[in-house]
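**Q** Model the following, please.
(one chain, ligands or ions: 2)
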Amino acid sequence: MSIQFPQTPGFTGVNKPMRMEIDLFELEVEGVIPEAINGAMYRCGPDPQLPPRLGDDIFINGDGQVSGFYFSDGHVDFRLRYVRTEKFELERAARKALFGAYRNPFTDDPSVAGRDRTTANTALMWNAGRLYALKEDGRPYEVNPMTLETIGRNDFGGAMASRTFTAHVKYDPETHDVIWHGYAADGEATNAIAYGTIAPDGTLVSEQRFTAPYASMIHDFAFTETYILFPIMPVTSDPERLAAGGSHWAWDGTKPTYVGIVPRNGASEDIRYFKGPARWSFHTLNAYEDGDRIHLDLTVSERVGFPDIPILDGSPFDPEKGRSLLTRWTFDMSSNDASFSETVLWDHPADFFEMDPRVAGRPYRHGFMAAKEKDMVFNMIGHIDHATGETRAYHAGAGASVQEPVFVPRSAEAPEGDGYLLAVVNHRAENRAEVVILDTDDITAGPVARVHVPMPLRMTFHSEFVPQAELETAAAL
Ligand code: V55
Ligand code: FE
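**A** Ligands and ions are numbered 1, 2, ... in the order given. You can find the predicted model right below:
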């Protein structure tokens, strides 16, 4: 019996599965790591444990891994572990893939019917001194923040009705609540949306429901001081397509975009829908209120930006229409008009946003992101200053690719956006990676320090920085 990964683009080149768990002690550091940077920079991403059941697979279906760069007084250690999801453990015991296509249980081995399919491969949540790996089709998996060993799935003590939980939780900087949602809350391809808050002590405080106009991927969302915003865009799911073994998602450009806005302290029945032409957005940067208006900053393209998602009318992927630019949508809550305005903020494709968490959901000045030239991989870190409209970029160099940056303030009292950006830069051709540390004062000046990793790292999705003081409080629990 041969055991081999397919020789397809999803499993070769930069997508070659690495399948390693790693402990690296005392990474090489070039330059001096600023004193402010003490704590853990976590990343979450997919890496298939085993060859796929169906001969090929898409990147976003890989098994979740969590990694951490641990910064302590100028020293850095690195650790990487698989998340021991139910899927991971069942397949490891069988020494083969038992779960089939991304979010399609109809393609699974009958022996795993009804078992947890989630891969915990997208992003992290830090709440009540605990770290969780998240994937939007299931529940969070808790991992030990220091060892990264999996502790288990968090079912909120049975209190949560939603079957799903977003990968993109939001943290309110004043209340320290987590704002969450779950789409497909009643099961795959349903248009039930759940949302609510989790207290700083980890208790589920609220869970409300609404029914979206159609079943779609609500990968990210946004909040302000008094509202929660749900972008509903035509990457749609269909139970019949699933039963036929088809793709979970398809782009249906005949459908409009809706943005559902609910009051945070009200009922889901108070939802107000704004409506616009079909659009796709992967991630939001921030949202805030400006009198009666709400601004939502997010990346926007005319059509889905993901080549793996088929177009319902059979047309091929179009990189031009899939190009995502940082855009501002503005909603006027004082008008009865359901339309909203759209302004492009930067003409470089950008995504994987970061901001100063102290002003999340509030008027803010600085946005940070991964960016790129047309049709390349993300190879720059971008900075937009909304006060001046100025944009700046750090170019990581020829052949390099960058991952989502995290922001660390220069001090607790530092003004908004004043501090450092940390980002993984991959140098595939040189078989290495690094974490660059940029001063937000001028990211074009290049890194103030570099942390070297003696191997390339796979592409991950999202990052989270947890300060040392919070890690210590957690360890004392
Ligand atoms: C995305 C990423 C996912 C996923 C669904 O659009 C959507 C991005 C990393 O996993 O499951
Ligand atoms: Fe995401």
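**Q** contacting residues for the residue of the stretch 201-350 of the chain found nearest ligand 1?
**A** Among all residues of the stretch 201-350 of the chain, residue 219 sits closest to ligand 1, at 4.4 Å; criterion: C-beta to the nearest ligand atom. Glycine gets a C-beta too; all of them are placed from N, C-alpha and C. Taking C-beta atoms under 8 Å, 6 or more residues apart in numbering, we find residue 219 in contact with 136, 166-168, 282-283.
**Q** So for it, what's the pLDDT?
**A** Residue 219 carries a pLDDT score of 98 in this model.
**Q** and residue 229, bridged to which residues?
**A** Counting by DSSP bridges, residue 229 is bridged to residue 222, residue 261.
**Q** and it, how far is that from residue 42?
**A** Separation of residue 229 from residue 42 (C-beta to C-beta, to the nearest Å): 26 Å.
**Q** who's more crowded, these two?
**A** Between residue 229 and residue 42, counted using other C-beta atoms under 10 Å, residue 42 has the larger neighbour count: 26 against 20.
**Q** Next to ligand 1, which bits of the stretch 251-400 of the chain? Give me the list.
**A** residue 282 (C-beta under 6 Å from any ligand atom).
**Q** at 8 Å instead, please
**A** Contact residues, the stretch 251-400 of the chain versus ligand 1 (C-beta under 8 Å from any ligand atom): 282, 306.
**Q** for the helix or strand residue 331 falls within, packing partners?
**A** Using DSSP states H and E, residue 331 sits in strand 325-332. Secondary-structure packing of strand 325-332 (3 or more C-beta pairs under 8 Å, 6 or more residues apart in numbering; DSSP states H and E): strand 257-263, strand 293-300, strand 341-354.
**Q** Around ligand 1, pick out the residues from the stretch 51-200 of the chain.
**A** So far as C-beta under 8 Å from any ligand atom goes, the stretch 51-200 of the chain lies against ligand 1 at 59-61, 102-103, 119, 121-122, 135-137, 167.
**Q** Put together a markdown table for those residues, with pLDDT and secondary structure on each row.
**A** Compiled in a markdown table, those are given as follows (pLDDT from 0 to 100; DSSP: H, G, I helix; E, B strand; the rest coil):
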| residue | pLDDT | secondary structure |
| --- | --- | --- |
| 59 | 97 | helix |
| 60 | 97 | helix |
| 61 | 98 | helix |
| 102 | 98 | coil |
| 103 | 98 | coil |
| 119 | 98 | coil |
| 121 | 99 | coil |
| 122 | 99 | coil |
| 135 | 99 | coil |
| 136 | 98 | coil |
| 137 | 98 | coil |
| 167 | 98 | coil |
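**Q** Give the PyMOL command for selecting the buried subset of the residues you listed.
**A** Of these, the buried ones go into a single PyMOL selection, burial set by 16 or more other C-beta atoms under 10 Å:
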select buried, resi 59+60+61+102+103+119+121+122+135+136+137+167
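**Q** Would you reformat the residues of the stretch 51-200 of the chain next to ligand 1 as JSON lines and include distance to residue 146?
**A** Shown next, in JSON lines, are these (distance: C-beta to C-beta, whole Å):
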{"residue": "59", "distance to residue 146": "29"}
{"residue": "60", "distance to residue 146": "28"}
{"residue": "61", "distance to residue 146": "29"}
{"residue": "102", "distance to residue 146": "31"}
{"residue": "103", "distance to residue 146": "32"}
{"residue": "119", "distance to residue 146": "23"}
{"residue": "121", "distance to residue 146": "21"}
{"residue": "122", "distance to residue 146": "22"}
{"residue": "135", "distance to residue 146": "22"}
{"residue": "136", "distance to residue 146": "26"}
{"residue": "137", "distance to residue 146": "28"}
{"residue": "167", "distance to residue 146": "22"}
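**Q** Just give me the closest of the residues of the stretch 51-200 of the chain next to ligand 1 to residue 422.
**A** residue 122 (19.3 Å; C-beta to C-beta).
**Q** Tell me which stretches of the protein form helices.
**A** Applying DSSP state H to the chain gives helices spanning 86-94, 239-243, 468-476.
**Q** What would the last one look like as CSV? C-alpha coordinates only.
**A** Output of helix 468-476 as CSV, limited to C-alpha atoms (Å, rounded to 0.1, in the frame of the first residue of the first chain):
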residue,chain,number,x,y,z
GLN,A,468,3.3,38.3,29.6
ALA,A,469,1.3,39.8,32.5
GLU,A,470,-1.8,38.0,31.2
LEU,A,471,0.0,34.7,30.7
GLU,A,472,1.2,34.9,34.3
THR,A,473,-2.2,35.6,35.6
ALA,A,474,-3.5,32.6,33.6
ALA,A,475,-0.7,30.4,34.9
ALA,A,476,-1.6,31.3,38.5
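**Q** contacting residues around stretch 139-154?
**A** For stretch 139-154, contacts defined as C-beta under 8 Å, 6+ apart pick out 40, 64, 66-68, 70, 79-81, 83-86, 116, 118, 120, 125, 130-134, 138, 155-156, 160, 163-165, 466, 471, 474-475.
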